[in-house]
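Colleague: Build the 3D model from these lines:
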Amino acid sequence: MVKVLYPGSFDPVHNGHIEICAVASKLFDHVVVAAMRNPQKSSPFFSDEERVEMLSEACAHLENIEIVQFGELVVDLAARLEVDFIVKGLRGVTDFESELQMAQMNKSVSGVETLFLPSTSENSFVASKYIRDITRFGSDCTHLVPDAVAKRLREKMPK
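Modeller: The predicted structure follows:
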């Protein structure tokens, strides 16, 4: 049985994230999707609990997905969960550069390998930071997120 870890802040989860979850669920026996609080972001748009709920709702159709929340190094979580690989989605060259460096660091400190899954062009431009900004300014981008997230985004839009 091959078990993988798909970590991210998922703030909020969007269709690109769900695409990677779906692909990983086809390729691997068990996928742990781990929502973390990114220490580089001063305050999250959604709470840890909300992000876990949204991921759980958005991935409910995928039988071999487990959703967890964590606040430790990804490699420590990977070791604790005894995963075989870390999985990361790539939208383009910029993602590849930063994710490759992170993958190399993770391998150096823990030995765990990272596998990259490319997004389709349909989702290659979608990023949580854009969704947060568009929502904060009162515009609608709910077509870029699962239904479980769209309702919560509408509640955060200025009236």
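Colleague: contacts, neighbours, all on C-alpha from now
Modeller: OK.
Colleague: tell me which helix or strand of the chain sits lowest on mean pLDDT?
Modeller: Sorted by mean pLDDT, DSSP states H and E, the helices and strands of the chain end with helix 147-156, the least confident at a mean of 92.
Colleague: For that one, buried residues please.
Modeller: Within helix 147-156, the residues that qualify as buried by neighbour count (16 or more other CA atoms under 10 Å) are 147-150, 153-154.
Colleague: Likewise for stretch 103-119?
Modeller: Within stretch 103-119, the residues that qualify as buried are 103, 106, 112-114, 117-119, counting by 16+ other CA under 10 Å.
Colleague: Dump these to TSV, plus secondary structure, distance to Phe28 and pLDDT.
Modeller: Shown next, in TSV, are the buried residues of stretch 103-119 (DSSP: H, G, I helix; E, B strand; the rest coil; distance: CA to CA, whole Å; pLDDT from 0 to 100):
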residue	secondary structure	distance to Phe28	pLDDT
Ala103	helix	19	97
Asn106	helix	20	97
Val112	coil	16	97
Glu113	strand	15	98
Thr114	strand	14	98
Leu117	strand	12	97
Pro118	strand	16	95
Ser119	coil	17	94
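Colleague: Just the helices from the chain, written as ranges.
Modeller: Taking DSSP state H as the criterion, the chain carries its helices at 15-27, 48-58, 74-81, 93-110, 128-136, 147-156.
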